[in-house]
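> dropping a prediction and its sequence here:
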Amino acid sequence: MFVLYKLYFDLSKIIFHLPATFVVFFKQIFSQSLHNMSTIIYNRFDEEVHPPRLSPDYKSTVLRAPTKPLIVVKQSLSELTGPIFGDFNLGPLDHDLTKNSVVNGQPLGERIVVHGRVVNENGQPIPNTLIEIWQANSAGRYVHKVDQHDAPLDPNFLGAGRCMTDKDGNYKFYTIKPGAYPWGNHYNAWRPNHIHFSLFGANITNRLVTQMYFPGDPLLQYDPIFLGVPPKGRDLLISQFDLSITEPHFALGYRFDFVLRGHNQTPFENS
Amino acid sequence: MKQTPSQTVGPYFAYGLSPEQYLYDFKQLVGNQLVNPIDEPDAITITGKVFDGEGVVIPDAMIEVWQNDGQQQLFGRFGTGTDPKNRFVFYTKKPASVNGQAPHLSIIVFMRGQLIHSYTRLYFSDEVELNATDEVLNVVPEERRATLIAQKTPSGYEFDIWMQGDNETVFFDI
């Protein structure tokens, strides 16, 4: 009886604390021996595709970008591990933004399905990666209190969601195509349609926050945030319309794949 | 295959990444209690502000904290937009020393105006001996090391992050 009570108590405690205290585990690959771990080295950020820290056309970088050179450190346990999120934390509609905030009807706008794959530079799929997204509604308005753009809020659309990649690194969201909106960077500045993405890869060196754009958007050529990316990287941020994943009579399909940093070991090497 | 480029987290991350902290009606996965301060006798509080190049406190930064001492792995996230002084606040436990490194937290800094996030580390002012021999701290020029050391106060530890200026925090290429 005591044991049962104790079990119940422990379980209720864990469940009660879940939203606040996040439980993390090692990823399988990193529960190897320390010796083995020390031989894995993750690639650094690829400067050919990542934006520089200071990008003056995007004005708020001027007072916020670090100015001194980054100091290179050897990757240790802290860098070679990261938080792991379990499916059990996700709600059944977390991946479906067309349904997860419905109050009295369906959200307005063009329904889309966004899916793709998360892999590393070595081409290996990254399973169990938490992907979080947020975006404006179809009128170009964010729910966020700070957004004062004079466009309507949609009572049935929050614009936030999350999902985990499956064992092959695949993910899928249902949402509404976000609208463009004006912002204060310069005269007549408009952000192109975009969805914000946040990803946790295999460890904290793989943390990625980015934005997915849509093909053929005429605003891309004027957007200093998009243009902050070197020319070689820009196409990597534009999703592709894909008729093969378009769901008949339901939603247009867009494909967007992610590539996170790779490392010096392939599955075929033994250290 | 080329890496997917980074883009800014922007000003509107709160309802997607920290919805409960910002009082949006959506469950959040991660908050600022890495340990529960009521249940954990060794809990510590870490507070700080993020400053821009003019010394103005940044009210729309998002800070993530990761710590792994081999025994315990903890992760937290907090935006600077809800505290009345625009501080970040974390409740956690000081990690143990691993392989001779001084106890430290890994910190990831995101904000509007950063096209790519910044990594730094937080060390503790009451770990003088281990800090002196820590191999990462020793790669940092001596005059800049203080930017990585949280100062012990009666109520916990204080750790400010300066994006620019004379006291610019050391950021790492990891």
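Noted; the coordinates are in hand. What you see is a predicted model; the values in this text were computed from it and never measured. Numbering: from 1, shown residues only, chains lettered A, B, ... in the order given.
> now the helices for chain B?
B:14-17, B:128-133 (DSSP state H).
> off-centre distance for the last one?
This means helix B:128-133. The chain centroid and the centroid of helix B:128-133 are separated by 20 Å, computed with Cα atoms, centre = their mean, to the nearest Å.
> tell me the buried residues in that helix?
Neighbour-count burial for helix B:128-133, counted by 16 or more other Cβ atoms under 10 Å in any protein chain shown, picks out B:130, B:131. Placement of C-beta: from N, CA and C, glycine included.
> so which residue of chain B comes closest to chain A?
Closest approach between chain B and chain A, counting by Cβ to the nearest Cβ: residue B:16, at 2.7 Å.
> which residue packs closest to that residue, ignoring adjacent ones?
Spatial nearest neighbour of residue B:16, chain neighbours left out: residue A:134 (2.7 Å); criterion: Cβ to Cβ, 6 or more residues apart in numbering or on different chains.
> hmm, back to that, hmm, the residue of chain B closest to chain A is touching residue A:132, no?
Yes. Between residue B:16 and residue A:132 there is a contact at 5.8 Å, judged by Cβ atoms under 8 Å.
> overlap of the contact sets of those two?
A:160, A:161, A:198 (Cβ atoms under 8 Å, 6 or more residues apart in numbering or on different chains).
> would you mind giving the helices of chain B as JSON lines with mean pLDDT added?
Output for the helices of chain B, formatted as JSON lines (pLDDT from 0 to 100):
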{"stretch": "helix B:14-17", "mean pLDDT": "96"}
{"stretch": "helix B:128-133", "mean pLDDT": "97"}
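> dump those helices to TSV, plus distance to residue A:90.
Below are those laid out as TSV (distance: least, Cβ to Cβ, whole Å):
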stretch	distance to residue A:90
helix B:14-17	14
helix B:128-133	39
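> so which of those helices gets nearest residue A:89?
Comparing the helices of chain B against residue A:89 with Cβ to Cβ, the closest turns out to be helix B:14-17 (14.2 Å).
> and residue 115, how many neighbours?
You didn't say which chain, so I picked chain A. 19 (other Cβ atoms under 10 Å in any protein chain shown).
> right idea, wrong chain: chain B
For residue B:115, the count of nearby residues is 25 (other Cβ under 10 Å).
> wait, it sits on residue B:7?
Yes. If you go by Cβ under 8 Å, residue B:115 and residue B:7 touch, sitting 6.4 Å apart.
> quickly list what's touching both of these two.
Taking Cβ under 8 Å, 6+ apart as the criterion, residue B:115 and residue B:7 both touch A:51, A:225, A:228, A:229.
> dump the residues you listed to CSV, plus distance to residue B:64.
Below are the shared contacts of residue B:115 and residue B:7 laid out as CSV (distance: Cβ to Cβ, whole Å):
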residue, distance to residue B:64
A:51, 20
A:225, 21
A:228, 22
A:229, 23
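> tabulate those residues (JSON lines), appending secondary structure.
What follows is these, written out as JSON lines (DSSP: H, G, I helix; E, B strand; the rest coil):
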{"residue": "A:51", "secondary structure": "coil"}
{"residue": "A:225", "secondary structure": "helix"}
{"residue": "A:228", "secondary structure": "coil"}
{"residue": "A:229", "secondary structure": "coil"}
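> would CSV of those with neighbour count, pLDDT and distance to residue A:248 be doable?
Output for the shared contacts of residue B:115 and residue B:7, formatted as CSV (neighbours: other Cβ atoms under 10 Å in any protein chain shown; pLDDT from 0 to 100; distance: Cβ to Cβ, whole Å):
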residue, neighbour count, pLDDT, distance to residue A:248
A:51, 24, 98, 38
A:225, 26, 98, 35
A:228, 25, 98, 38
A:229, 24, 98, 35
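> chain B next: which of these are close?
Among the shared contacts of residue B:115 and residue B:7, proximity to chain B is found for A:51, A:225, A:228, A:229 (Cβ under 8 Å from any Cβ of the partner chain).
> just the closest of those residues to residue B:121, please.
Distances from residue B:121 to these, taken by Cβ to Cβ, are shortest for residue A:51, at 23.4 Å.
> surely that closest one and residue A:232 touch.
No. Judged on Cβ under 8 Å, residue A:51 makes no contact with residue A:232 at a distance of 11.5 Å.
> do stretch B:56-74 and chain A meet?
Yes. Stretch B:56-74 lies within reach of chain A by Cβ under 8 Å from any Cβ, at B:56, B:58, B:60, B:64, B:66, B:67, B:68, B:69, B:70, B:73, B:74.
> for beta bridges, what are the partners of the fourth one?
Meaning residue B:64. Beta-bridge pairing for residue B:64 (DSSP bridges): residue B:77, residue B:108.
> quick one: terminal-to-terminal distance for stretch A:254-264?
32 Å (Cα to Cα, to the nearest Å).
> anything in that stretch near chain B?
Yes. For stretch A:254-264 and chain B, the contact criterion (Cβ under 8 Å from any Cβ) is met by A:257, A:258, A:259, A:260, A:261, A:262.
> tell me the confidence at the closest residue in space to the fifth one that isn't next to it in sequence?
The reference is to residue A:261. Once flanking residues are discounted, residue A:261 sits nearest to residue A:43: 4.7 Å by Cβ to Cβ, 6+ apart. We have a pLDDT of 94 for residue A:43.
> again with residue A:89
86.
> ok, residue A:9 next?
pLDDT at residue A:9 comes out at 35.
> no further questions, thank you.
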